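A.B. asks: here is a sequence together with a model predicted from it:
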2 protein chains.
Amino acid sequence: MGTVERAGDDHTSEVESGEEEEIVGGGELAHHLMKSGITRNEMLAALTNRIHVETMASLPPNVRRRIRALRTLQKEFVDIEAKFYSEVHALECKYEKLYKPLFEKRAHIVNGGYEPNDEECLNPWRDETEEEELARAVQGAAITDGTEEKKPAEEKPAEPPMDPNVKGIPDFWYTIFKNVSMLCEMMQEHDEPILKCLQDIKVQMHEDPIGFTLEFHFAPNDYFTNTILTKEYSMKCKPDEENPLEFEGPEIYSCKGCDINWKKGKNVTVKTIKKKQKHKSRGSVRTVTKSVQADSFFNFFSPPNMPDDPNSTLASDIQALLTADFEIGHYIRERVVSRAVLLYTGEGLDDDDDDDYEEEEDSYFDEDSGTEEVSDAED
Amino acid sequence: MGTVERAGDDHTSEVESGEEEEIVGGGELAHHLMKSGITRNEMLAALTNRIHVETMASLPPNVRRRIRALRTLQKEFVDIEAKFYSEVHALECKYEKLYKPLFEKRAHIVNGGYEPNDEECLNPWRDETEEEELARAVQGAAITDGTEEKKPAEEKPAEPPMDPNVKGIPDFWYTIFKNVSMLCEMMQEHDEPILKCLQDIKVQMHEDPIGFTLEFHFAPNDYFTNTILTKEYSMKCKPDEENPLEFEGPEIYSCKGCDINWKKGKNVTVKTIKKKQKHKSRGSVRTVTKSVQADSFFNFFSPPNMPDDPNSTLASDIQALLTADFEIGHYIRERVVSRAVLLYTGEGLDDDDDDDYEEEEDSYFDEDSGTEEVSDAED
């Protein structure tokens, strides 16, 4: 009496027999619910929350009543927790200001505007001699990855010659894009020369309403006239009215890109396709051209808008794309901007950079447009 | 000049050809380093940081120097970030006090010390009628999981009878242990009757030095005389002196269990094994008994101590066990205590509860002791 195990299956046996049991039980439940005339949506909800519903159903009404009282307390908990997270966000805004001078100095060094003095180049916690030695050893090793014949180590110089013309740290941000798989997957071959002009990524925090803007600063280049491309993320830190107990802290809920002023013929986010059409009765052939979206990192600045009908299939596709976009925005803010040097050298690349993000979308649309000929990119 | 791509492999081709290339390049590097007379530890470090070392090695010395300046800035960043996390911990301590009255009221309801009034049982954001309807439908469905014959729905009562003798919410915490896979995996069959006596889990935050204590409150029971079992976690929020740039926020670094005063013959964490020994020359057989550790959730209160030599094989085994232990402690504090009702009903069980923690250790030692006969548990 009063235990809430699921009818006839203790946890251990369920783990052992796995999915099959789920199908048997779920199928019976579905069958019964359909006979009861419950709608499809209600049935889906019932199947998803099978444990929940079965647990509740097996309990006497006075116990169910007490569980509702615990949910009321849980609602009070998330309301207080939301205030905690708001205070944390305010702290983040405060510290962003303290980090700013460090990031500005970093940008100056990276772009050759400032040459650090000897004291600034000391890393007392590191064993520099060991690193130098290993660097020379690797140089000498003439690693060819098995594709070229190995030359005797003596022919190679001990280290690259000092080049006084190298300004700052060339290709700093581009190298980070190459190293971090989440970013690398978004980058297409035609994006690479443009991203070599990326000079800085900055975060501007917004305090009320909460959110942040990512600023991508570019050197003057042959592709577009903008010097800064922006992506703005809006966040909320309030339990959802319909599902307050699901609250787990601040969440990005929308984002806004920016217009890129592409120079003529340089827009890598569109491609022109030529399509041959045959006249139905006369049999004559004509060629039409059509612009379609091309895969590119720069689609990041044109996120899709949510359609008017939030229950359509299109809406759920777009929601999935936006969820991936929010993860990227969060990742750039949390990891890339604050730890750039470690992603450049590889010291700060963790397993996440190899595994977790492999299935991200790297373009917003995958148009199936019956392409027959594809010409070069045109504006 | 100045680019830092890894020799001969752009990122895309590496992803395609995968592990094989890694072995070729790594093997050559290892071979060269061994010839250079570099020690095994240095070689391991070099292989692990292959990207890092190769990146550095391909750069002119003036660029390497600027990267060291960026590391100095990164060190300044983590020193400020550590202060941010200390402020967040102080906020957590402040909010823990605000949550406390809610958790105390929860404990009263769960253990039957307080009967909530009607207003406290309203969940206005929920569609209660739908839930009640579904609960009745599930009741009627007589789900048998295919093991029993299905009886006509009419024979079953519409819902369980009101039982005025049921106090509070029976088996509340025990059910959470069953539902949350990380906890379920630690729980052995002989632990279950004891965990049915678990009445509450509380968190006590420590502000300086930072950390927290988990308190497991038990009803008087037949197994031990303690009413509270404790597990204390010590945390640090300071960049490591040798690897300051790896800092990512507060970390648990040690934990302390408590003595359990087991009643005679009730200690489930040891088992007595009987072993037959044959005399080498005389051939006579004698039986010896030996106590060994048994798998049990209650080993959670006797975590291993780090051995004196931190570089031994034993030390790295123990470190792995402690890492798993810290994750469990963190999880109980972050998820279980704050969202208990949602784990009880199943509403708050997410994918993590099914996948992420499946490979946790569920005992501290797996003794290989040549057991021949195993008797019942004895103190």
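C.D. replies: Received, thanks.

A.B. asks: which non-adjacent residue is nearest residue A:306?
C.D. replies: residue A:318 (6.1 Å; CB to CB, 6 or more residues apart in numbering or on different chains). Where you see a C-beta, it was placed from the backbone N, CA and C, and this is true even at glycine.

A.B. asks: separation between the one you found and chain B?
C.D. replies: Per CB to the nearest CB, to the nearest Å, residue A:318 is found 23 Å from chain B.

A.B. asks: list phi and psi for the residue of the stretch 151-300 of chain A found nearest chain B.
C.D. replies: At 3.6 Å from chain B, residue A:170 is the closest residue in the stretch 151-300 of chain A, using CB to the nearest CB. As for residue A:170, its main-chain torsions (degrees, to the nearest 10) stand at phi -60, psi 140.

A.B. asks: can you read off the pLDDT for it?
C.D. replies: Listed pLDDT for residue A:170 reads 95.

A.B. asks: so which residues on the stretch 151-300 of chain A come close to chain B?
C.D. replies: A:159-164, A:166, A:168-171, A:175, A:178-179, A:184, A:241-245 (CB under 8 Å from any CB of the partner chain).

A.B. asks: next up, the contacts around residue A:222.
C.D. replies: With contact set as CB atoms under 8 Å, 6 or more residues apart in numbering or on different chains, residue A:222 has these partners: A:263, A:266.

A.B. asks: got the phi/psi numbers for it?
C.D. replies: Dihedral angles of residue A:222 (phi, psi; degrees, to the nearest 10) stand at phi -80, psi 0.

A.B. asks: how far away is the residue nearest to residue A:306 from residue A:260?
C.D. replies: 21 Å (CB to CB, to the nearest Å).

A.B. asks: and what of residue A:215?
C.D. replies: In terms of CB to CB, residue A:215 sits 14 Å off from residue A:260.

A.B. asks: can you tell if stretch A:82-89 touches chain B?
C.D. replies: Yes: on the criterion CB under 8 Å from any CB, stretch A:82-89 is in touch with chain B at A:83-84, A:87-88.

A.B. asks: mutual contacts of residue A:215 and residue A:260, please.
C.D. replies: Common neighbours of residue A:215 and residue A:260 (CB under 8 Å, 6+ apart) are residue A:229.

A.B. asks: now the stretch 201-350 of chain A against chain B: closest residue?
C.D. replies: For the stretch 201-350 of chain A, CB to the nearest CB, closest residue to chain B: residue A:346, 3.6 Å.

A.B. asks: wait, that residue touches residue A:176, no?
C.D. replies: No: in this structure, residue A:346 is not within contact of residue A:176 by CB atoms under 8 Å, at 10.1 Å.

A.B. asks: now do the strands in the stretch 51-200 of chain A.
C.D. replies: A:198-207 (DSSP state E, counting those that start in this stretch).

A.B. asks: neighbour count: residue A:346 and residue A:176, which is higher?
C.D. replies: It is residue A:176, of residue A:346 and residue A:176, that has more neighbours when counted by other CB atoms under 10 Å in any protein chain shown, with 24 against 20.

A.B. asks: is it correct that that one is in contact with residue A:336?
C.D. replies: Yes: in this structure residue A:176 lies within contact range of residue A:336 using CB under 8 Å: 6.6 Å.

A.B. asks: what's the spacing between residue A:208 and residue A:330?
C.D. replies: Going from residue A:208 to residue A:330 by CB to CB gives 20 Å.

A.B. asks: so these two - more neighbours on which side?
C.D. replies: Neighbours per residue (other CB under 10 Å) separate residue A:208 from residue A:330, with residue A:330 holding more: 15 against 9.

A.B. asks: next, residue A:230: secondary structure please.
C.D. replies: strand (DSSP: H, G, I helix; E, B strand; the rest coil).

A.B. asks: and if you look at the one 3 residues further on?
C.D. replies: Following three-state DSSP, residue A:233 is assigned to strand.

A.B. asks: that older thread, tell me if I'm right that the residue nearest to residue A:306 and residue A:303 touch.
C.D. replies: No: contact status for residue A:318 versus residue A:303: not in contact, 9.1 Å apart, counting by CB under 8 Å.

A.B. asks: let me know how buried residue A:128 is, in neighbour terms.
C.D. replies: For residue A:128, using other CB under 10 Å, the count is 13.

A.B. asks: which residue, other than its chain neighbours, is closest to it?
C.D. replies: residue B:68 (7.9 Å).

A.B. asks: relative to residue A:263, how far out is residue A:225?
C.D. replies: Distance from residue A:225 to residue A:263, by CB to CB: 7 Å.

A.B. asks: now residue A:220
C.D. replies: 11 Å.

A.B. asks: so for those two, which residue has more residues nearby?
C.D. replies: Per other CB under 10 Å, whichever of residue A:220 and residue A:263 has more neighbours is residue A:263, with 12 against 8.

A.B. asks: just give me the longest helix of chain A.
C.D. replies: helix A:61-110 (DSSP state H).

A.B. asks: what helices and strands are in contact with it?
C.D. replies: strand A:198-207, strand A:210-218, helix B:61-110, helix B:340-345 (3 or more CB pairs under 8 Å, 6 or more residues apart in numbering or on different chains; DSSP states H and E).

A.B. asks: quick one, which of the ones you listed is nearest to residue B:307?
C.D. replies: Closest to residue B:307 of the helices and strands packed on helix A:61-110, according to CB to CB: helix B:61-110, at 29.1 Å.

A.B. asks: tell me the mean pLDDT for that closest one?
C.D. replies: Across helix B:61-110, the average pLDDT comes to 96.

A.B. asks: before we move on, the earlier item: who touches both of residue A:176 and residue A:336?
C.D. replies: Common neighbours of residue A:176 and residue A:336 (CB under 8 Å, 6+ apart) are A:183, A:343.

A.B. asks: helix/strand/coil for residue A:290?
C.D. replies: Of the three states, residue A:290 takes strand under three-state DSSP.

A.B. asks: my guess is it contacts residue A:271. True?
C.D. replies: No: counting by CB under 8 Å, residue A:290 stays clear of residue A:271, with 9.6 Å between them.

A.B. asks: higher neighbour count, these two?
C.D. replies: residue A:271 (20 against 13).

A.B. asks: re the thing from before, filter the residues of the stretch 151-300 of chain A next to chain B to the buried ones?
C.D. replies: The neighbour count (16 or more other CB atoms under 10 Å in any protein chain shown) marks A:159-160, A:166, A:168-171, A:175, A:178-179, A:184, A:244-245 as buried among those.

A.B. asks: so which of the residues you listed belong to helices?
C.D. replies: Using DSSP H, those in helices are A:175, A:178-179, A:184.

A.B. asks: and residue A:342, how many neighbours does it have?
C.D. replies: With other CB under 10 Å as criterion, residue A:342 counts 21.

A.B. asks: likewise for the one 5 residues further on?
C.D. replies: Counted with other CB under 10 Å, the burial measure for residue A:347 works out to 18 neighbours.

A.B. asks: now for residue A:108: which residues touch it?
C.D. replies: Contacts of residue A:108 by CB under 8 Å, 6+ apart are residue A:114.

A.B. asks: quick check: it vs residue B:70, distance?
C.D. replies: For residue A:108 relative to residue B:70 (CB to CB), the value is 11 Å.

A.B. asks: what do you get for residue A:206?
C.D. replies: Taking CB to CB, one finds residue A:206 at 27 Å from residue B:70.

A.B. asks: next one: the closest residue to residue A:221 other than its chain neighbours from residue A:70, what distance?
C.D. replies: Excluding the flanking residues, the one nearest residue A:221 by CB to CB, 6+ apart is residue A:197, at 4.3 Å. Computed with CB to CB, the distance linking residue A:197 and residue A:70 is 57 Å.
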